[in-house]
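Participant: Return atomic coordinates for the entry below.
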Amino acid sequence: MKKISILIIFFLFSLGGFAQPHKEGERLEALKIAYLTKKLNLTADEAQKFWPSYNQYMAELKKTRQEGRGGDEIEREEKLLAIRKKYQAEFSKTLSPDRSNQFFKAEKEFYQMVQKELMERRQLRQDLRQRRNDN
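Facilitator: From the prediction side, this is the model:
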């Protein structure tokens with residue numbers, strides 16, 4: 001776990017401030033896939049079956065989030081939950097139900113690590129600005 005965290009932090013720092021947003025998203029998605037593969041300990045056969053379902057899952061989430069912008073928040077969250085339930089059953093066809101549940105936990109952990117890293121970066125930038133202003 002420590003190696004994964006260090007690897008993710010290294011890659012997040014390597015994203016740089018001048019990268020194009022879509023490239024950052026691609027890099028972040030690649031990190032997420034690596035993290036989930038390691039966390040779920042996917043075999044080659046499992047990965048071959050799991051990732052196409054995962055891609056469909058992500059596409060449905062994205063579409064629902066985009067369609068729900070500016071609308072009823074509770075309704076949007078219910079739709080997102082329905083998608084997660086649908087794919088928990090789908091993922092359980094490839095993974096055990098416990099590992100399917102582990103996927104959702106690992107996905108949440110990944111996003112929490114990214115959020116923490118972004119907050120730390122923001123704080124560092126603020127500290128640097130403050131030091132420049134003080135001098």
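Participant: list the buried ones in the helix ranked longest in the chain?
Facilitator: In the chain, with assignment by DSSP state H, the single longest helix is helix 97-134. For helix 97-134, the neighbour count (16 or more other C-beta atoms under 10 Å) marks 99-100, 102-103, 106-107, 109-110, 113-114, 117 as buried. Using the backbone N, CA and C atoms, a C-beta is placed for each residue, glycine as well.
Participant: next one: stretch 41-49
Facilitator: Counting neighbours by 16+ other C-beta under 10 Å, one finds that the buried residues in stretch 41-49 are L42.
Participant: thinking again about what came up before, as CSV, the buried residues of helix 97-134 with distance to E73 would be great.
Facilitator: Supplementary listing: those in CSV, determined by distance: C-beta to C-beta, whole Å:
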residue, distance to E73
R99, 31
S100, 27
Q102, 28
F103, 25
A106, 26
E107, 21
E109, 24
F110, 24
M113, 25
V114, 22
E117, 26
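Participant: In JSON lines, list those residues along with pLDDT and distance to Q130.
Facilitator: Converted to JSON lines, the buried residues of helix 97-134 look like this (pLDDT from 0 to 100; distance: C-beta to C-beta, whole Å):
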{"residue": "R99", "pLDDT": "95", "distance to Q130": "46"}
{"residue": "S100", "pLDDT": "95", "distance to Q130": "46"}
{"residue": "Q102", "pLDDT": "96", "distance to Q130": "42"}
{"residue": "F103", "pLDDT": "96", "distance to Q130": "41"}
{"residue": "A106", "pLDDT": "96", "distance to Q130": "36"}
{"residue": "E107", "pLDDT": "96", "distance to Q130": "35"}
{"residue": "E109", "pLDDT": "96", "distance to Q130": "32"}
{"residue": "F110", "pLDDT": "96", "distance to Q130": "31"}
{"residue": "M113", "pLDDT": "94", "distance to Q130": "26"}
{"residue": "V114", "pLDDT": "93", "distance to Q130": "25"}
{"residue": "E117", "pLDDT": "92", "distance to Q130": "20"}
